[in-house]
Each structure stands twice: as C-alpha cells, then as structure tokens.
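Peer 1: any chance you can model this:
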Amino acid sequence: QVKLVESGGGLVQPGGSLRLSCAASGIFLTIYDMGWYRQAPGKQRELVARITRSGSTNYADSVKGRFTISRDNAKNTVYLQMNSLKPEDAAVYYCNTDTVSRSLSTNVYWGQGTQVAVSS
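Peer 2: Reported below is the predicted structural model:
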C-alpha cells in the first residue's frame, strides 16, 4: 500500500503564492509519474501538472508560466509552486502517483486533497 500525504494548502489573496507538497510512503519499488490535479465545486477533476521521474513536465494551459511542478526522488515527494494565483485557481488539489510495486505492477494512487482558496 502507498499513502500520499499532501500539505501546503490554504487561503491566499489574488496574486499570492502557495507551495503544495505531497509525500509518498509505504512499500513500493519506485514511482514513475507524479502529478497534481484539482477539482472545483461543480466541475470535473482536471490535470494541473505532471512530472516524470526524469523531470519532464507538462502543464495545463491555464497555469503555464505561473505554476511549477518539481520532485525529489530521494524523498518520494512532489511539489507544486503556485504563483500569481487567481480566484479561478481555487479548488481542492490532489496529488497523484504511478507507483511500481515489488511485484512490478503499476498502480495509481491519490492523496486526500488539500484545499486552496483564493480570495481578497
């Protein structure tokens, strides 16, 4: 089993910044891709950013130039630096990983979510 624990959410004013963290723990061989998704009330969950083990990234168009995803493979942790936040960025942010077990099966895990609110 793999557990993902997110932190760093909160309330910020428009134009402000937040940094989200997600640490994976448990028994596994390695982690391939890691990512952040978000879900606003009444909307579907959407991709925010993903990063491969080697560091290749992709972003939703709505966050390009404002958000930066990074990871520390030694700590099994993925980060999301969010700058120039807008009210439309408010959502519950979920961490996601593609994790390889010791039996070499790949499983997708989700964190419990962390709330980001953007309001003056």
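Peer 1: can you tell me the SS state at the residue nearest to residue 11 when sequence neighbours are not counted?
Peer 2: In space, and not counting its chain neighbours, residue 11 is closest to residue 117: 4.4 Å by Cβ to Cβ, 6 or more residues apart in numbering. All C-beta spots, glycine's among them, are computed from the backbone N, C-alpha and C. Here residue 117 takes the strand state, with states given by DSSP: H, G, I helix; E, B strand; the rest coil.
Peer 1: isn't residue 117 up against residue 16?
Peer 2: No. If you go by Cβ atoms under 8 Å, residue 117 and residue 16 don't touch, sitting 10.7 Å apart.
Peer 1: if we can go back for a sec, any idea how far the residue nearest to residue 11 lies from residue 20?
Peer 2: 13 Å (Cβ to Cβ, to the nearest Å).
Peer 1: try residue 91
Peer 2: Taking Cβ to Cβ, one finds residue 91 at 11 Å from residue 20.
Peer 1: just residue 102 next, same as before
Peer 2: Taking Cβ to Cβ, one finds residue 102 at 28 Å from residue 20.
Peer 1: tell me which of the two has more neighbours.
Peer 2: residue 20 (24 against 8; other Cβ atoms under 10 Å).
Peer 1: so which bits of the one helix or strand the more buried one maps to are buried?
Peer 2: Under the criterion of DSSP states H and E, residue 20 resides in strand 18-26. Neighbour-count burial for strand 18-26, with 16 or more other Cβ atoms under 10 Å as criterion, is recorded at 18, 20, 21, 22, 23, 24.
Peer 1: ok, residue 55 touching residue 69?
Peer 2: No. With contact defined as Cβ under 8 Å, residue 55 does not reach residue 69; the gap is 9.7 Å.
Peer 1: of those two, who's got more company?
Peer 2: Between residue 55 and residue 69, counted using other Cβ under 10 Å, the more crowded position is residue 69 (22 against 10).
Peer 1: give me the beta-bridge partners of the closest residue to the more buried one other than its chain neighbours?
Peer 2: Leaving aside its sequence neighbours, residue 69 sits nearest to residue 49 (Cβ to Cβ, 6+ apart; 3.9 Å). Here residue 49 shows beta-bridge partners residue 36, residue 59, assigned using DSSP bridges.
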